[in-house]
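**Student:** Predicted structure and sequence below. I'll ask about it afterward.
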Amino acid sequence: MSVIIGQQEYFKDVKRVEFEGRDSDNPFSYKFYDENKMVLGKPMKDHFNFAVAYWHSFVNTGNDPFGVGTKSFPWVSSSDPYQNAYDKMDAAFEFISKLGINHFCFHDFDLIDEGDSIRESENRLNKITSYAKEKMKSSDIKVLWGTANLFANPRYMNGAATNPNFDILSMAGAQVKNALDVTIELGGKNYVFWGGREGYMSLLNTDMKRELDHMAKFLHLAKDYARGQGFEGWFFIEPKPMEPSKHQYDFDAATVVGFLEHYGLEKDFKLNIEVNHATLANHTFQHELQVAANANMLGSMDANRGDYQNGWDTDQFPNNIYEIVESLLVIIRSGGLQGGGINFDAKTRRNSTDLNDLFYSHIGAIDLFARSLLITEKMLNNSEYSKLIEERYSSFDSGKGKDFEDGKISLDGLHFYASNLKEAKLISGKQELFENIINRYI
Ligand code: XUL
Ligand code: CO
């Protein structure tokens with residue numbers, strides 16, 4: 001893929017990031033990500049569909065509750081929202097093409113600042129959508145997913161689809177319609193709903209059942225509209241247990257699977273699992289992936305990591321080989337991500353203020369996934385890993401165990417069988433042996 005430079009070149013220190021192998025000391029090279037290398041039956045890049053998150057990399061300048069932003073992005077230099085949006089998009093396409101990956105994800109008002117009215121916002125979105133279409137024509141860069149920001153505007157302080165005020169719900173609907181239109185116009189592969197402020201702070205003032213019914217109705221309307229416009233991609237729900245609401249309705253994967261099935265949304269919706277959201281819910285990332293996979297709803301992932309000491313969403317770039325190998329094992333053993341990919345919903349730290357930090361962070365994360373995939377391949381192809389798991393369950397492969405799985409044994413049958421056992425043999429779970437297999441291939 002060629003590098004796409006707009007009106008000006010923003011990342012002058014970097015050309016195209018190429019695979020140079022692990023002995024290279026060039027920080028702007030991949031040590032493990034060799035996009036066309038065949039791994040487990042397909043080119044590496046097709047396992048991942050890597051995406052850059054527009055909001056973290058090109059919009060947020062690092063503000064936190066204690067201070068303003070620290071990053072002076074050269075593409076935010078004009079007082080004209082249109083010019084800023086074009087410059088930002090030039091920077092995004094330059095960055096993504098230099099990384100040599102193929103996707104981005106966006107919220108509506110990451111692309112261009114929100115206007116003072118729905119009409120004005122629509123005009124703005126139309127213009128930036130045309131601009132994006134032009135840029136996409138001459139590149140291999142695609143939209144992995146689009147979404148609407150239904151949480152930043154003060155009107156959404158009590159939620160969007162779950163707001164107790166219908167006027168606000170209708171404005172959220174208008175915004176989702178427009179965000180769907182942009183996503184469809186740009187050939188977006190999927191559309192995401194992260195709950196934003198869909199949740200509550202106090203049950204005292206909340207009719208939870210009514211709010212959940214509203215949320216389901218709202219999602220049905222969005223899905224019906226998009227299908228009517230010919231959208232064939234998946235809708236994803238992104239679970240998160242807390243922040244910004246004390247209690248978010250899309251708490252974790254199991255909650256969302258139950259919600260989708262309860263409200264008849266399970267045919268069109270899958271899950272977008274985020275690492276830091278999983279750990280905030282007191283789960284591991286791999287657990288959340290597995291829950292989604294069990295329901296045939298493993299759609300996509302937001303890759304990042306949390307922090308051992310902090311109880312909030314730090315959205316750091318991923319760097320944990322063990323966590324990612326275990327996650328890839330889940331993904332590959334369950335047949336891959338359905339429709340989605342790996343979106344780096346991660347931000348460089350507030351004191352990482354060089355433009356090059358955007359490259360270091362993404363290169364490191366891409367290499368982490370590539371390296372973890374190579375380890376996963378070896379574990380599955382060369383090691384005793386799969387056999388060890390199969391052996392753990394082998395008592396269900398024949399005899400009465402198989403009868404149980406086939407529904408051919410009653411509770412009385414279990415009683416009869418057990419009565420003839422003196423005691424069941426203790427069989428080790430061998431956790432440490434399993435863990436050693438990962439180390440062996442790093
Ligand atoms: C918030 C979060 C969002 C969603 C998109 O924690 O992860 O960025 O991914 O709205
Ligand atoms: Co996310």
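**Tutor:** That came through fine. Ligands and ions are numbered 1, 2, ... in the order given.

**Student:** Please give me every residue in contact with P81.
**Tutor:** Residues near P81 by Cβ atoms under 8 Å, 6 or more residues apart in numbering: 112-113, 115, 124. Any C-beta I mention is one placed from the backbone N, CA and C, and that applies to glycine too.

**Student:** Up against ligand 1, what does the stretch 201-350 of the chain have?
**Tutor:** 238, 240, 274, 302, 313, 345 (Cβ under 6 Å from any ligand atom).

**Student:** cutoff 5 Å now
**Tutor:** Within the stretch 201-350 of the chain, the residues that sit near ligand 1 (Cβ under 5 Å from any ligand atom) are D345.

**Student:** And the helices in the stretch 201-350 of the chain?
**Tutor:** 208-228, 253-262, 275-280, 285-294, 321-333 (DSSP state H, counting those that start in this stretch).

**Student:** before we move on, back to that, may I see the ChimeraX selection of the buried members of the contacts of P81?
**Tutor:** A single ChimeraX command is used to select the members of the contacts of P81 judged buried by 16 or more other Cβ atoms under 10 Å:
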select :112,124
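
**Student:** Am I right that F104 sits in a strand?
**Tutor:** Yes. According to DSSP: H, G, I helix; E, B strand; the rest coil, F104 belongs to a strand.

**Student:** My guess is it contacts A51. True?
**Tutor:** Yes. Using Cβ atoms under 8 Å, F104 is in contact with A51, at 5.6 Å.

**Student:** Now for those two: what residues contact both?
**Tutor:** L144.

**Student:** Tell me how many other residues surround whichever residue of the stretch 101-250 of the chain sits closest to ligand 1.
**Tutor:** Ligand 1 sits closest to W194 of the stretch 101-250 of the chain, with a gap of 3.6 Å, by Cβ to the nearest ligand atom. Close neighbours of W194, defined as other Cβ atoms under 10 Å, add up to 23.

**Student:** bridging residues for it?
**Tutor:** Listed by DSSP bridges, the beta-bridge partners for W194 are E238.

**Student:** And A303, by the same measure?
**Tutor:** Here A303, judged by DSSP bridges, has bridge partners F344.

**Student:** Out of the contacts of P81, flag the one nearest to F28.
**Tutor:** For the contacts of P81, the residue nearest F28 by Cβ to Cβ is I112; the value is 29.8 Å.

**Student:** My guess is that closest one contacts T129. True?
**Tutor:** No. Look at I112 against T129 with Cβ under 8 Å: they stay out of range, at 9.2 Å.

**Student:** shared neighbours, the two?
**Tutor:** Joint contacts of I112 and T129 (Cβ under 8 Å, 6+ apart) do not exist.

**Student:** returning to what we had before: wait, what's in contact with the residue of the stretch 101-250 of the chain closest to ligand 1?
**Tutor:** 147, 237-238, 240, 250, 272.

**Student:** Compare these and tell me which is most surrounded.
**Tutor:** Busiest of the contacts of W194 [other Cβ under 10 Å] is N272, holding 32 neighbours.

**Student:** Surely it and A303 touch.
**Tutor:** No. If you go by Cβ under 8 Å, N272 and A303 don't touch, sitting 10.8 Å apart.

**Student:** tell me, what's touching those two both at once?
**Tutor:** N343.

**Student:** Please enumerate the strands of the stretch 1-150 of the chain.
**Tutor:** 18-19, 29-30, 38-39, 42-43, 50-53, 103-107, 142-147 (DSSP state E, counting those that start in this stretch).

**Student:** Flag every residue of the stretch 151-300 of the chain that's near ligand 2.
**Tutor:** Counting by Cβ under 5 Å from the ion, the residues of the stretch 151-300 of the chain close to ligand 2 are E274.
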